[in-house]
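Trainee: My questions concern the predicted model and sequence given below.
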Amino acid sequence: MSAIPFLITALRKAQMVRIIVILVIFFLLASASRYQGSFEFSIGEDGEVQSAVPPEAGEHDVYYSHHIASFNKDDIKPWTKGDTAALRTTEGQKAAQALTSSPFVNSTTTALRDNYFLDLTKRLRVYRSLWMALKEYYDQLEQKQQQELFFTAPPTELAPAVELLQKMEQQNFPWIHKHHNTSYDLYRESRNGGRGIVMCVGDYHTKYARTVIKTLREVLKSSLPIEIYYTGEPDLNPENRAWFETFDNVKTIDVTTLIDNNLLVLEGWAVKPFAMLVSRFSEIILMDSDAYFLQDPAIMFEDEGYKETGTVYFYDRTLFPGLGADKKKWLESFLPTMSNHPAKTRWFRLKGDHEQESGVVVFDKKRLFLGLLAICKINDLHERKQVTYIKTWGDKETFWIALEMIQEPYSFVKYGGGAIGNVGDAIPYNTEFLPREEIERYNKGEHLTTTNPVNLKDGTVRKNVVPKLGRVCGNQLHFDFRGRPLWWNSGVVRDKYTPGSPYLLYTAYMKDEDGDWDFGSSCLVQKHSTSIMEVEWEQRKVAFEILKTDRGVAVEIDRPYIKEILDIPALIQSQGAKGGHGNSEAI
């Protein structure tokens, strides 16, 4: 009889094991469903994808190469005829009033209400549903070339909904109405605008933008049309505008002539999304004035993440680990529902203080027009001054946060921002630490190993100035979906803010996931001995041509206080990170 209790206990244990296994499978399946479009087959301790795209993976394997933000369809509420009918009721009128009320604390101030972003999220989501529901009505008018009647003579059954849309546009996007009757008119203008590059350039940035334009046309042979936006005569002078327009299919445009800048007061980062909005292009590559490509940027339109969602976004560097908790709390305060993506962010995992690098953004305006309106909205004057740019570093995070607010999908290439430049800190961060003869050796392609004392400007002596190995120092690198170097930003010298800082060799790179940032010196320090990779010879030659182009621009400008004329380092294949043998394996 004593064996029976033992058997019962054993059976219960076996049953518990089965239950646990079933629960594990259930939660895995639930996770796969919740995080649809973000399958990660190899995950490190910090939650980052460690494996590269497998060689056998086809172009369709987007979920290996990207993080895809997808929404629960049950959370996206369509506008119905019942909603329109409800607007005729007392309660419906109260709801409409709440959706179109002033965002400010009271009528005597421009201070936004404390819970305004939560209110704005609700408004954007209602607006999206309403806009989609009324698009058929607009399309019918357009076919008859009567779209000007959209607001003035709607059918009785649509009138309450049309009136609400008009009031919501006047409250949230008043700056479009200077030149457009409705947002549909603005959408129609760029519906068949083709593909192109959008840049925002002021006089200060022309020293970078000139190199970028010449590189696109003369080195990469890109034929994509280019629009360069500026904010009025003081921003970009006639001389610089004329220079840009000497190139085929490059046009300079004053953004303030296309949108009501009295309401927006555009400056700095905020110009970028509005330039995208008024651009004639349907599919846009937004580029900063110091974004340099190693491949033709047009290939990004063939990116599978772009085909899936209409966007290609790039991650910023993983900086300041431990921060982000306040940003997580901030997002949760105004996003009642989210996509699968925020849980993956460094903000939510307390791994860093930055997410997106907006130096390059690829965006399909046809598919995500309403998403772009939302991006513009949180870059609006009061929103950016009082909330967005206080919580984030400029426009960077607005490109994905706004899509969360309005519930539109987006994609990130899975790799974090890396570094490209030299192996070891072969060029001291401040060139006053380096004797002239050492700079000459560097330009000849010789490695620096000086241990000689260096006299500083203040009369002190710094000894043992030697390269710091085990790191890649230079510019900020971003990758294509297979992990290959695609573009970098922050200039073409060791430090664009230090006068006399020499050109980089561009022999090595490292992925963000394989190193730790020495932020103060713009270096990525390897975590293990196989982290540093060699830039392929063909891409090194492209980088060399970019340096030649940059020097040519400096000679043409011939104003050292604007752009210095620097010596170009020798291009020697054997000086690569692996001796010129390529990056098929790490050094």
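Mentor: That came in fine, so what should we check first?
Trainee: Every contact and neighbour count from this point should use C-alpha atoms.
Mentor: Fine.
Trainee: Report the central residue of the protein.
Mentor: Nearest residue to the geometric centre of the chain (Cα atoms, centre = their mean): Ser358, 3.0 Å.
Trainee: before we move on, which element is that one in?
Mentor: Following DSSP states H and E, one finds Ser358 within strand 356-364.
Trainee: Neighbours of the closest residue to Thr337 other than its chain neighbours, how many?
Mentor: Closest residue to Thr337 apart from its sequence neighbours, by Cα to Cα, 6 or more residues apart in numbering: Asp75 at 7.2 Å. Neighbour count for Asp75, taken as other Cα atoms under 10 Å: 12.
Trainee: Give the buried residues for stretch 287-302.
Mentor: Going by neighbour count (16 or more other Cα atoms under 10 Å), the buried part of stretch 287-302 is 287-298, 300-301.
Trainee: And that stretch, end to end?
Mentor: End-to-end distance of stretch 287-302 (Cα to Cα, to the nearest Å): 17 Å.
Trainee: related to what we said a few turns ago, out of the buried residues of stretch 287-302, which sit inside strands?
Mentor: Met287, Ala291, Tyr292, Phe293 (DSSP state E).
Trainee: ok, those residues vs Lys548, which is closest?
Mentor: Comparing these against Lys548 with Cα to Cα places Tyr292 closest, at 13.3 Å.
Trainee: Touching, that closest one and Trp488? I think so.
Mentor: Yes. Using Cα atoms under 8 Å, Tyr292 makes contact with Trp488 at a distance of 5.4 Å.
Trainee: Next, show the common contact partners of the two.
Mentor: Here Tyr292 and Trp488 share no contacting residue, scored by Cα atoms under 8 Å, 6 or more residues apart in numbering.
Trainee: Can you read off the pLDDT for the residue nearest to Thr337?
Mentor: According to the prediction, Asp75 has pLDDT 93.
Trainee: for Leu370, same thing?
Mentor: Per-residue confidence (pLDDT) for Leu370: 98.
Trainee: for Leu7, same thing?
Mentor: pLDDT for Leu7: 35.
Trainee: thinking again about what came up before, what's the distance between the residue nearest to Thr337 and Ala98?
Mentor: Look at Asp75 and Ala98: by Cα to Cα, they are 21 Å apart.
Trainee: Same question for Asp235.
Mentor: Separation of Asp235 from Ala98 (Cα to Cα) stands at 39 Å.
Trainee: Also Gly483?
Mentor: Gly483 sits 47 Å away from Ala98, going by Cα to Cα.
Trainee: Neighbour count: these two, which is higher?
Mentor: Taking other Cα under 10 Å, Gly483 and Ala98 do not tie; Gly483 has more neighbours (16 against 13).
Trainee: Quick check, that one in contact with Gly418.
Mentor: No. Using Cα under 8 Å, Gly483 is not in contact with Gly418; the gap is 10.4 Å.
Trainee: ok, back up a step: hmm, who's touching the strand holding Ser358?
Mentor: Contacts of strand 356-364 with the rest of the structure, by Cα under 8 Å, 6+ apart, involve 282-288, 291, 300-301, 306, 310-317, 395-397, 399, 417, 489.
Trainee: Which ones among those residues map onto helices?
Mentor: Judged by DSSP state H, the contacts of strand 356-364 include Tyr306, Phe399 as members of helices.
Trainee: Out of the contacts of strand 356-364, which end up buried?
Mentor: 282-288, 291, 300-301, 306, 310-317, 395-397, 399, 417, 489.
Trainee: what sits against Thr311?
Mentor: Thr311 is in contact with Gly305, Val361, Val362, Phe363, Asp364, Tyr410, Ser411, counting by Cα under 8 Å, 6+ apart.
Trainee: Nearest residue to it in space, ignoring adjacent ones along the chain?
Mentor: Using Cα to Cα, 6+ apart and skipping the chain neighbours, the partner closest in space to Thr311 is Phe363 (4.7 Å).
Trainee: and that neighbour, what are its bridge partners?
Mentor: Per DSSP bridges, the residues bridged to Phe363 are Ile284, Thr311.
Trainee: ok, now how distant is it from Ile285?
Mentor: The spacing between Phe363 and Ile285, counted by Cα to Cα, is 7 Å.
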